[in-house]
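In: just the structure for this:
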Amino acid sequence: MNGLLKSLVVAGMLATLAGLPPVGAVQGAESTDAGEPSTATATGADSVPHRDRMVWVVDLDGALGPATSDLIIRSIDDAWEAGAQALVIRMDTPGGLDKSMRELVQAILAARLPVITFVAPNGARAASAGTYIAYASHIVAMAPATNIGSSTPVSIAPTPAPATPASKPEDEGSPPAEPPQDAMMRKVVNDAVAYLQGLAELRGRNIEWAEDTVRHGANIRASEALANNVIDLVTENLTTLLDAVDGWEVALESGIVTLQTRNAGIHHVEVDWKHELLTLITDPTIAYGLLIFGIYGLILEFYNPGMFFPAVIGIVCLLLGAYGLQMLPVNYAGLALIVVGIGMMVAEVFTPTLGALGVAGVVAFVMGSLMLMDTQAPEFGLPVAVIAAFAASTAAIMLFAVGAAVRARAARVRTGREGMVGAEVEVLEGFPGPGRVHAFGENWQARSDAPLGAGSRARVSAVDGLILVVDAIDNTEQGQEPG
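Out: Numbers count the residues shown, from 1 in each chain. So this is what the prediction gives:
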């Protein structure tokens, strides 16, 4: 239902595409944080007074995925082209996909204007991927009652093993012992540690805590983060933030710039149709459904060539689903199992094997669906209920098709010469010898060795060219030889 609502929203947005504001449009006379200056209604940057004293604000609210990462990256470029003083990422995130996080971090490091991460409002968090983004930003601020940390990669987060009798008790005050990890876990954790420490070294932030938040999932509140040099300041809202950083010098790749943000105007970046569409098709459930419906459409077209409509819909769904999946952490072995499973179920319909191919296809389909998303992030996983629904519907279609094929094979032939044999006819002229009968709505030439009177009923026993060979019904039913 949620996917259907998203589809309706996107359809409406595409229908009114010409009237949508571009990314970076100014919100008219609107304030999000208490005490923020209102922005004047404007249709473009040129109509805003003091263009060189503008600050752009984009929200990262929720899990970080391909759509949100794309929006923020585009906003960074658009803000620089508009001559903004800085871009503020107002963040409240539980984390997100590693690929999207790294793309966004690279964009921040290469930004041609200062990027400020502001963990807000009160009660917000910068967890997991949000910590990496904050460490990469030129300036990091947090509102009171917020927290940052818990940066262990979710897909390989180690599970503590029960202590053995031979284990040594930990010394008081020593850091907690790390649970055992296999080689792959150590590789991924060490990579994440080095990555975050590199960002900490670049921005002059706490390197030791960067390791602690990755290895042990450390998480700290705003005041503690400020005291430990994890962030740069704690501030109430966006207005006090801009006043506080006014005059700060920020090092960019192009050189040192001095912020002039006091009393600056504010652009609130609004989402556009591209962001909404990308959000829709990169939802794992939607992308998965588009892929399956696309395959179904092509199968229907191959089964009934010339319909065209299933093929067109199938190709569109398949391409949209493939585009969405390629932006997600997909396990291609799982994708291959899904395709093979559907192929086996289709093969069962055309070459019935008493269910062997069909059952194997259902198993491959379910296993592939469970393996499809190569992440344990709950926001980007495939719900088991969705997998079960698609598997059940596919199996039901297969069983229906197989049942229809079995019934058709057992049924009497109803067309052609074979379909004429056994049909009842009305005798028009007496037999034996040649004569005429009324059959299949027409008068036919016929012959019979049995004595048949006009108006009696007979049964077709054979077809000789255009002549029907008929027998008396009584003789046929009793299994007697005609004569």
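In: how near is A251 to G441?
Out: 93 Å (Cβ to Cβ, to the nearest Å). Heads up, the C-betas are built off the backbone N, CA and C, glycines and all.
In: what do you get for N122?
Out: Taking Cβ to Cβ, one finds N122 at 85 Å from G441.
In: neighbour-wise, which of those two wins?
Out: Shown here are N122 and G441; by other Cβ atoms under 10 Å, N122 has more neighbours (13 against 5).
In: how about the more buried one, nearest residue that isn't a chain neighbour?
Out: A145 (4.4 Å; Cβ to Cβ, 6 or more residues apart in numbering).
In: what of C317?
Out: Nearest one to C317, counting by Cβ to Cβ, 6+ apart, is G294 at 3.7 Å.
In: within the helices and strands, which one has the one you found?
Out: helix 284-303 (DSSP states H and E).
In: so after that helix, what's the next helix or strand?
Out: Assigned by DSSP H and E, the successor of helix 284-303 is helix 309-326.
In: would you mark the buried spots in stretch 457-466?
Out: A458, R459, V460, S461, V463 (16 or more other Cβ atoms under 10 Å).
In: got it, and stretch 381-395?
Out: Per 16+ other Cβ under 10 Å, stretch 381-395 contains these buried residues: L382, V386, I387, F390, A391, T394, A395.
In: report the contact partners of the last one.
Out: Think A395. M345, G358, V362 (Cβ atoms under 8 Å, 6 or more residues apart in numbering).
In: any chance of the residues you listed in CSV, plus neighbour count and pLDDT?
Out: Output for those, formatted as CSV (neighbours: other Cβ atoms under 10 Å; pLDDT from 0 to 100):
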residue, neighbour count, pLDDT
M345, 25, 78
G358, 24, 76
V362, 22, 84
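In: which of the residues you listed lies closest to L399?
Out: G358 (7.4 Å; Cβ to Cβ).
In: so G321 sits right up against T285, yeah?
Out: No - contact between G321 and T285 fails when scored by Cβ atoms under 8 Å: they sit 11.0 Å apart.
In: those two: who's more crowded?
Out: G321 (21 against 17).
In: can you pull the pLDDT of that one?
Out: Here, the pLDDT recorded for G321 equals 86.
In: residues in contact with it?
Out: I281, A287, Y288, G289, L290, L291, I292, F293, G294.
In: from I286, how far off is it?
Out: From G321 to I286 the distance is 8 Å (Cβ to Cβ).
In: same thing with D212?
Out: 38 Å.
In: over to A439?
Out: A439 is 58 Å from I286, by Cβ to Cβ.
In: with secondary structure and distance to L233 added, can I get the contacts of A395 in JSON lines?
Out: Shown next, in JSON lines, are those (DSSP: H, G, I helix; E, B strand; the rest coil; distance: Cβ to Cβ, whole Å):
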{"residue": "M345", "secondary structure": "helix", "distance to L233": "60"}
{"residue": "G358", "secondary structure": "helix", "distance to L233": "63"}
{"residue": "V362", "secondary structure": "helix", "distance to L233": "57"}
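In: nearest to G204 among these?
Out: V362 (56.7 Å).
In: which one is that closest one nearest to, not counting chain neighbours?
Out: Nearest to V362 is A395, by Cβ to Cβ, 6+ apart, at 5.0 Å.
In: find the helix or strand that that neighbour is a member of.
Out: Assigned by DSSP H and E, A395 falls in helix 384-410.
In: give me the mean pLDDT for that helix.
Out: The model assigns helix 384-410 a mean pLDDT of 73.
In: and R459, that one's in a strand?
Out: Yes - judged by DSSP: H, G, I helix; E, B strand; the rest coil, R459 forms part of a strand.
In: A192 contacts E211, doesn't it?
Out: No - with contact defined as Cβ under 8 Å, A192 does not reach E211; the gap is 9.6 Å.
In: what about V257, helix or strand, and which?
Out: strand 255-258.
In: Y132 too?
Out: Per DSSP H and E: helix 129-136 holds Y132.
In: right, and the helix or strand after that helix?
Out: strand 139-142.
In: hmm, back to that, and the helix holding Y132, how far from the chain's centre?
Out: Averaging C-alpha positions (Cα atoms, centre = their mean, to the nearest Å) puts helix 129-136 24 Å from its chain's average.
In: state the distance from the residue most central in space within the chain to Y296.
Out: Centrality entry for the chain: nearest residue to the mean C-alpha point is P284, 2.4 Å, by Cα atoms, centre = their mean. Here the criterion is Cβ to Cβ. By it, P284 lies 19 Å from Y296.
In: ok, I73 - how many residues close by?
Out: I73: 19 neighbours (other Cβ under 10 Å).
In: which secondary structure elements does the helix holding G294 contact?
Out: Helix 284-303 sits against helix 2-15, helix 273-281, helix 309-326, helix 332-350, helix 384-410, with contacts defined as 3 or more Cβ pairs under 8 Å, 6 or more residues apart in numbering; DSSP states H and E.
In: ok, I299 to A333 distance?
Out: From I299 over to A333 (counting by Cβ to Cβ), the distance is 22 Å.
In: neighbour count for the two, which is higher?
Out: I299 (18 against 12).
In: read off the pLDDT value for the nearest residue to the more buried one once chain neighbours are set aside.
Out: Nearest non-adjacent residue to I299, counting by Cβ to Cβ, 6+ apart: V346, 5.8 Å away. We have a pLDDT of 75 for V346.
In: ok, back up a step: would CSV of the buried residues of stretch 381-395 with distance to L113 be doable?
Out: Listed next are these as CSV, based on distance: Cβ to Cβ, whole Å:
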residue, distance to L113
L382, 39
V386, 42
I387, 44
F390, 46
A391, 50
T394, 51
A395, 55
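In: next one: A143 relative to L233, how far apart?
Out: 10 Å.
In: the more surrounded of those two?
Out: Neighbours were counted for A143 and for L233 using other Cβ under 10 Å; A143 has more, 23 against 16.
In: quick check: the more buried one touching I231?
Out: No - counting by Cβ under 8 Å, A143 does not reach I231; the two are 10.8 Å apart.
In: hey, what's in contact with both of these two?
Out: V119, A222.
In: leaving out the residues flanking it, which one is nearest to G455?
Out: V427 is the one closest to G455 (Cβ to Cβ, 6+ apart), at 6.6 Å.
In: that should have said V339, apologies.
Out: I295 (7.2 Å).
In: how many other residues sit next to that neighbour?
Out: 20.
In: E236 is in contact with the residue nearest to N122, correct?
Out: No - using Cβ under 8 Å as the test, A145 is too far from E236 to be in contact (10.6 Å).
In: and I231, that's in a strand?
Out: No - counting by three-state DSSP, I231 is not found in a strand; it is coil.
In: count the neighbours of it for me.
Out: Around I231 there are 28 residues (other Cβ under 10 Å).
In: give me the number of residues near the nearest residue to M327 once chain neighbours are set aside?
Out: Once flanking residues are discounted, M327 sits nearest to P66: 4.1 Å by Cβ to Cβ, 6+ apart. By other Cβ under 10 Å, 21 other residues sit near P66.
In: since that was my last question, I'll sign off now.
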